[in-house]
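Peer 1: I'd like to go over a predicted model; first the sequence, then the structure.
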Amino acid sequence: MKRLEKYTEIEYNYIKWNKLGGNKTMAKLPEGFMWGGATAANQFEGGQFEDGRGPSSSDCTTRGSRTMPRKVTYKTSDGVIHADVMFGMNAPEDAVYGVFEGYDYPSLQGIDFYHHYKEDIALFGEMGFKCFRMSFNWGRIYPTGMEEEPNEKGLEFYDNVLAECAKYDIKVMVTLSHYETPIGLANAWGSWKDARTIDCFCRYVKTVGERYNGKVAYWLTFNEINIAAMSPWMSAGVGQTTPQVSADISKHQLIASAKAVQILHEINPDNMVGNMVAYGANYPYTCNPADVLASKQAMHTYHFYEDVQARGYYPSYQLKKYEREGVNFSLTDEEKEILKNGTVDFLSISYYMSSVSSTDPEILKQVAEGNMGLGGLKNPYLKASDWGWAIDPTGLRIALNELWERYQKPLFVVENSLGTQDVLVEENGQKVCHDQAHIDYLRSHIEAMADAINIDGVELIGYLPWGCIDLVSASTGEMHKRYGFIYVDYQDDGTGEGERYRKDSFYWWKKVIACNGEDLSD
Ligand code: BG6
């Protein structure tokens, strides 16, 4: 197995945040650092009804907003159509999920990358991307998830996308499952609740692993595998939210992930395969030992997945938790062996915010605003985004240190950025977008990463900001929660023709990549 080369050229005595006048800053990143951007098919690909693609879990999820939750639509055996709030949903067992008249489903269009991929990849090339993260839509390749043979048209689409990236010398990172599961699997047996989904997933992994052998630089198995505990629908296409369902989904996905690692290594021993966890730092609200313990326990919700995927076995605290919750859980010797032999080559994370733990009932009343229930307790030392997510670059440095100390495997930040309400304005006959907040956010996080590398010695492969081109928000389904370097003119009310425009951050990101982070100034 080829391992990542150590970054011998790291200059540990790099120039530390040299203030070069104004707000100019410098950071020294390793040679070969992977700069780029990240996306996911369910939020940007569109092309829903074309070339034999089957519907996915994300297609059946309606548009929401910060104050209006997204809903999932299904029909019950009495013919009634329902729309249940996605987070925390508990649909009846006879639910047949689908897309119905009269609902607004943002994933069906995404930003229509399906028809714009050449133009979009050219823009990524113009920025000098070293690496582009995308996901394959499983349902484009196996429309219901259960076919014996793949859909050739779907495979051809990804042939074309990969060829286009190669044209600009952009390495590709592919997430095999990013918030979309073929609806056929959900309607057949409850998707990832059922162990039969593992084999279907492995067939798909083998197909794409062989087809795109040598064309994908980094593979990720499941996006934010830990989010299934909070939103089984979004993450796993499962319509029930209980501790038992959560344990079953995790077991099946962890086994599928370990098998995928082995399949991809068998196809090509040089394949670099990683996991992906929605990660964050968690702080005790006070130095009361009870708060410190609560904070440590909160971190278990991240570490459980990292432990299994990096070390190859279930940690004792998780088994004890299942016991306390009355969850029925066991692993056969064969399953233990699969987990042991399917550990990942590197760990990847999304990082957006940190959180706070307290045991004080008075403090617990002050739950911060925020969607996805992610706001949690308000940290008085931090500012938050318009969607209530605490902005905390130091938390990223803490998170990277924690992961490096625990696992000693190369790390990759494959999502990070700020959702903002960008506007397009007309200046001198040109449409422009001044998104200074993105620049400020990314700069502070690059500085934190450089500190983690240069001061703490963390091994970090690269940094792929989320939504490098505006796309649909996963938690709210909105278009106007924008992350991109590229503005896409689609609006939540259905207007807009999807034209692409370079934002201020586009030019800034191009400069940062060109100088390998040495000049982070505006
Ligand atoms: C991560 C997901 O949770 O965060 C992405 O992997 C998602 O799919 C991103 O889009 C940002 O969240 P949101 O809700 O702002 O889109």
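Peer 2: Nice, thanks for sending it over.
Peer 1: what about the residue in the stretch 401-522 of the chain that the ligand sits nearest to, how many residues nearby?
Peer 2: Ranked by CB to the nearest ligand atom, the top residue of the stretch 401-522 of the chain for proximity to the ligand is Ser475, at 3.1 Å. Glycine gets a C-beta too; all of them are placed from N, C-alpha and C. Using other CB atoms under 10 Å, Ser475 has 23 other residues around it.
Peer 1: surely it meets Met68?
Peer 2: No: assessed by CB atoms under 8 Å, Ser475 is found out of contact with Met68, at 11.8 Å.
Peer 1: quick one: secondary structure of Gly52?
Peer 2: Put simply, Gly52 is coil when judged by DSSP: H, G, I helix; E, B strand; the rest coil.
Peer 1: apart from its neighbours in sequence, what residue is nearest it?
Peer 2: Asn151 (4.5 Å; CB to CB, 6 or more residues apart in numbering).
Peer 1: show me which residues of the least confident helix or strand in the chain by mean pLDDT are buried.
Peer 2: Using mean pLDDT, DSSP states H and E, the weakest-scoring helix or strand in the chain turns out to be helix 361-364, at a mean of 87. Neighbour-count burial for helix 361-364 flags Ile363 (criterion: 16 or more other CB atoms under 10 Å).
Peer 1: next helix or strand past it?
Peer 2: Per DSSP states H and E, helix 361-364 leads on to helix 393-407 as the next helix or strand towards the C-terminus.
Peer 1: mind giving me the packing neighbours of that following helix?
Peer 2: If you count contacts as 3 or more CB pairs under 8 Å, 6 or more residues apart in numbering; DSSP states H and E, helix 393-407 packs onto helix 289-306, strand 346-351, strand 411-415, helix 436-454.
Peer 1: contacts for the second one next, please.
Peer 2: Read that as strand 346-351. With contact meaning CB atoms under 8 Å, 6 or more residues apart in numbering, strand 346-351 is reached by 4, 218, 220, 224, 272, 274-280, 306, 309-310, 395-396, 399, 403, 407, 409-416, 445, 461, 466.
Peer 1: could you dump that strand to PDB, C-alpha only?
Peer 2: Extracted as PDB, the C-alpha positions of strand 346-351 are listed here (Å, rounded to 0.1, in the frame of the first residue of the first chain):
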ATOM      1  CA  PHE A 346      -6.600   9.100   5.800                       C
ATOM      2  CA  LEU A 347      -9.300  10.900   7.800                       C
ATOM      3  CA  SER A 348     -11.400  13.600   6.300                       C
ATOM      4  CA  ILE A 349     -13.600  16.100   8.100                       C
ATOM      5  CA  SER A 350     -16.100  18.800   7.600                       C
ATOM      6  CA  TYR A 351     -15.600  21.600  10.000                       C
END
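Peer 1: what about the strands in the stretch 151-300 of the chain?
Peer 2: 171-177, 218-222, 272-279, 282-284 (DSSP state E, counting those that start in this stretch).
Peer 1: would you list the ones you listed in a markdown table and tack on mean pLDDT and distance to the ligand?
Peer 2: Below are the strands of the stretch 151-300 of the chain laid out as a markdown table (pLDDT from 0 to 100; distance: least, CB to the nearest ligand atom, whole Å):
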| stretch | mean pLDDT | distance to the ligand |
| --- | --- | --- |
| strand 171-177 | 98 | 9 |
| strand 218-222 | 98 | 10 |
| strand 272-279 | 98 | 6 |
| strand 282-284 | 96 | 17 |
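Peer 1: my guess is Lys171 contacts Ala217, does it?
Peer 2: Yes: the pair Lys171 and Ala217 qualifies as a contact (CB under 8 Å) at a distance of 3.8 Å.
Peer 1: now Tyr117: which helix or strand?
Peer 2: Tyr117 is part of helix 113-127, with elements assigned from DSSP H and E.
Peer 1: and Leu418, how close does it get to Pro69?
Peer 2: Using CB to CB, to the nearest Å, we find Leu418 at a distance of 22 Å from Pro69.
Peer 1: could you pull up the residues touching Val327?
Peer 2: Contacts of Val327 by CB under 8 Å, 6+ apart are 243-244, 247.
Peer 1: and it, its phi and psi?
Peer 2: Backbone dihedrals for Val327, given as degrees, to the nearest 10, come out at phi -80, psi 140.
Peer 1: tell me, how many residues neighbour whatever residue of the stretch 251-400 of the chain ends up closest to the ligand?
Peer 2: Nearest residue of the stretch 251-400 of the chain to the ligand (CB to the nearest ligand atom) works out as Ser350 at 4.9 Å. By the measure other CB under 10 Å, the count of residues near Ser350 is 20.
Peer 1: same question for Leu185.
Peer 2: 29.
Peer 1: now do Ser295
Peer 2: Neighbour count for Ser295, taken as other CB under 10 Å: 19.
Peer 1: wait, it touches Pro284, no?
Peer 2: Yes: applying CB under 8 Å, one finds Ser295 in contact with Pro284, separated by 4.2 Å.
Peer 1: can you pull the residues that touch both of the two?
Peer 2: With CB under 8 Å, 6+ apart, Ser295 and Pro284 have common neighbours 356-357.
Peer 1: measure Val414 to Tyr279 for me?
Peer 2: Distance of Val414 to Tyr279, computed by CB to CB: 11 Å.
Peer 1: please name the nearest non-neighbouring residue to the residue nearest the centre of the chain.
Peer 2: In the chain, the residue lying closest to the centroid (CA atoms, centre = their mean) is Asn223, at 4.9 Å. Nearest non-adjacent residue to Asn223, counting by CB to CB, 6+ apart: His178, 3.9 Å away.
Peer 1: now the longest helix belonging to the chain, how far from the centre of its chain.
Peer 2: What stands out as the longest helix in the chain, according to DSSP state H, is helix 243-267. Relative to its chain's centre, helix 243-267 lies at 17 Å (CA atoms, centre = their mean, to the nearest Å).
Peer 1: which parts of the stretch 51-200 of the chain sit against the ligand?
Peer 2: Tyr179 (CB under 6 Å from any ligand atom).
Peer 1: ok, the residue sitting furthest away from the middle of the chain to Asp522 distance?
Peer 2: Relative to the centre of the chain, the most outlying C-alpha is that of Asn428, 37.6 Å out, by CA atoms, centre = their mean. To Asp522, Asn428 is 20 Å away according to CB to CB.
Peer 1: list the contacts of Met479.
Peer 2: 106, 470-473, 488, 490-492.
Peer 1: what's the answer for Leu185, then?
Peer 2: If you count contacts by CB under 8 Å, 6+ apart, Leu185 has them with 144-146, 191-192, 197, 200, 237.
Peer 1: closest one to the ligand out of those residues, please.
Peer 2: Out of these, the member with the shortest distance to the ligand (by CB to the nearest ligand atom) is Gly237, at 14.6 Å.
Peer 1: how about that closest one: what's its closest non-neighbour residue?
Peer 2: For Gly237, ignoring the flanking residues on the chain, the nearest one in space by CB to CB, 6+ apart is Thr181 at 3.2 Å.
Peer 1: show the pLDDT at that neighbour.
Peer 2: Thr181 carries a pLDDT value of 98.
Peer 1: what's the burial count for it?
Peer 2: Around Thr181 there are 26 residues (other CB under 10 Å).
Peer 1: was I right about the residue nearest to the centre of the chain contacting Val174?
Peer 2: No: using CB under 8 Å, Asn223 makes no contact with Val174, being 10.9 Å away.
Peer 1: what is in contact with those two at once?
Peer 2: With CB under 8 Å, 6+ apart as the test, Asn223 and Val174 both reach Ser135.
Peer 1: secondary structure class for Lys511?
Peer 2: Going by three-state DSSP: Lys511 is helix.
Peer 1: so it touches Asp519, yeah?
Peer 2: Yes: the criterion here is CB under 8 Å, and Lys511 meets it with Asp519 at 6.5 Å.
Peer 1: contact residues of the stretch 301-450 of the chain facing the ligand?
Peer 2: Near the ligand, when you scan the stretch 301-450 of the chain using CB under 6 Å from any ligand atom, you find 350, 415, 419.
Peer 1: try 5 Å this time
Peer 2: For the stretch 301-450 of the chain, the residues in contact with the ligand (CB under 5 Å from any ligand atom) are 350, 419.
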